[in-house]
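# Predicted model and sequence follow; I will ask about them next.
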Amino acid sequence: MRPASVEELVGGLAAAAAEAAVLAGGTDLHVKMRIGKMQPRVLFDISELEPLRRIRVQDGRLHIGAAVRMTEIAASQEVRRALPAMVSAVNEMSSRQIRNRATLGGNIVTASPAADAVPPLLAADAVVVLVGPEGDREVALADFVVGPGRTAKRPSEVVAEVAVPVGAMSRRSQFVKIGRRKAQAISVVNLAGCVEMEVDGRVRDLRIALGAVAPTAMRAHRAEAVLRGRRPSAGNLREAAAIAAQECRPISDIRATADGRRRLVEAWTLRMLQTLTGPASVGRGADQ
């Protein structure tokens, strides 16, 4: 069924309880239903539910509705201005056909450790806005995804949107994806960074988010601390990249070994930091 409002959706989810599922883009849900992993009795189609289809900047935050499709995010001027790394991440996701259907809410709720949308949002201090029978609540994205396939969403709640603080104009951000091939690949490692620089060349603030190297996407807090308040010398950048590799907790699977992932994290974190803190990064469009 297609609920006419968010209130009707929440009421329906509460009534159907564990027998319900939410359909947005369906790129993951259809697969799970086909292999028998999920067999919901009631499907709530939110793909055209207008309150969940908006992108807007309001009260100092960028709001992206849960049912906004990836192609719409990539085309959004609001997203390009506030979080250019997100545009880079979206453009490297799967195929054009999938991006035309896949939604931001679905990418987050699926809770894949390799989800490409999560690192740029995590680096930007995103929060997940949930609506349920008891009202609205916000959960930091860092706390929302609690493990592979698991989130902090309650059964009768729905993800309404993701909100990101609009950063200073001086903030630079970048997304990096490493896969086994150049297109339509699941990330072996993905990472995102945001940096703000002081006028004297020191790092004012830095965020490093790593994906596909732990049970959930993670912030490299110790690596960030190495550079805050310091000049990005070659030695400092190498130290931060090495610590990021130590912080992650990768596994070995069919795509890469744990040691291989650590080496990729160190090498690509260093390259990303060199880009973000160097003068060549100014004015780089979607990877600014």
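It's in.
# And the strands in the stretch 151-288 of the chain?
Under the criterion DSSP state E, counting those that start in this stretch, the stretch 151-288 of the chain contains strands at 158-165, 172-178, 189-197, 203-211, 218-219.
# Please identify the deepest-packed of these.
strand 189-197 (a mean of 26; mean count of other Cβ atoms under 10 Å). C-beta: built from backbone N, CA, C; applies to glycine.
# Direction included, what does that one pair up with?
Sheet pairing of strand 189-197 (DSSP bridges) gives strand 172-178 (antiparallel), strand 203-211 (antiparallel).
# List the contacts of the shortest one.
The set of residues external to strand 172-178 that reach it, using Cβ atoms under 8 Å, 6 or more residues apart in numbering, is 83-86, 88-89, 92, 116, 119-120, 123-124, 167, 187-197, 264, 268, 271-272, 275-276, 281-282, 284, 287-288.
# so which of the strands paired with strand 189-197 gets nearest residue 151?
Closest to residue 151 of the strands paired with strand 189-197, according to Cβ to Cβ: strand 203-211, at 15.5 Å.
# for the record, mean pLDDT for that closest one?
Here strand 203-211 scores 96 as its mean pLDDT.
# next one: stretch 260-274
What stretch 260-274 shows for mean pLDDT is 98.
# One more: stretch 224-243?
pLDDT averaged over stretch 224-243 gives 97.
# buried ones in it?
By 16 or more other Cβ atoms under 10 Å, the buried positions in stretch 224-243 come out as 224, 226, 227, 232, 236, 237, 238, 239, 240, 241, 242, 243.
# right, and the first one touches residue 209 too?
No - distance between residue 224 and residue 209: 9.9 Å, which falls outside the contact criterion (Cβ atoms under 8 Å).
# And the contacts of strand 172-178, which of them are buried?
So, by 16+ other Cβ under 10 Å, the buried ones in the contacts of strand 172-178 are 83-86, 88-89, 92, 116, 119-120, 123-124, 167, 187-197, 264, 268, 272, 275-276, 281, 287-288.
# Among these, name the ones in helices.
Of the positions in these, 84-86, 88-89, 119-120, 123, 264, 268, 272, 275-276 sit in helices, assigned by DSSP state H.
# Columns distance to residue 9 on top of those, output as a markdown table?
Below are these laid out as a markdown table (distance: Cβ to Cβ, whole Å):
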| residue | distance to residue 9 |
| --- | --- |
| 84 | 32 |
| 85 | 31 |
| 86 | 26 |
| 88 | 32 |
| 89 | 27 |
| 119 | 29 |
| 120 | 27 |
| 123 | 30 |
| 264 | 41 |
| 268 | 40 |
| 272 | 39 |
| 275 | 42 |
| 276 | 40 |
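# Between those residues, which sits nearest residue 76?
residue 86 (9.1 Å).
# any idea how far the closest one is from residue 68?
For residue 86, the distance to residue 68 (Cβ to Cβ, to the nearest Å) stands at 11 Å.
# next one: residue 198
For residue 198, the distance to residue 68 equals 35 Å [Cβ to Cβ].
# Settle it for me: which of those two has more neighbours?
Neighbours per residue, other Cβ atoms under 10 Å: of residue 198 and residue 68, the larger number sits with residue 68, 23 against 12.
# so residue 46 makes contact with residue 52?
Yes - counting by Cβ under 8 Å, residue 52 is a contact partner of residue 46 at 5.6 Å.
# Can you report how many residues lie near the residue lying closest to residue 248 once chain neighbours are set aside?
The spatial neighbour of residue 248 that comes closest, neighbours along the chain excluded (Cβ to Cβ, 6 or more residues apart in numbering), is residue 213 at 3.9 Å. Residues lying near residue 213 (other Cβ under 10 Å) number 28.
# coming back round to it: are there residues contacting both of residue 46 and residue 52? Which ones?
Joint contacts of residue 46 and residue 52 (Cβ under 8 Å, 6+ apart) are 66, 67.
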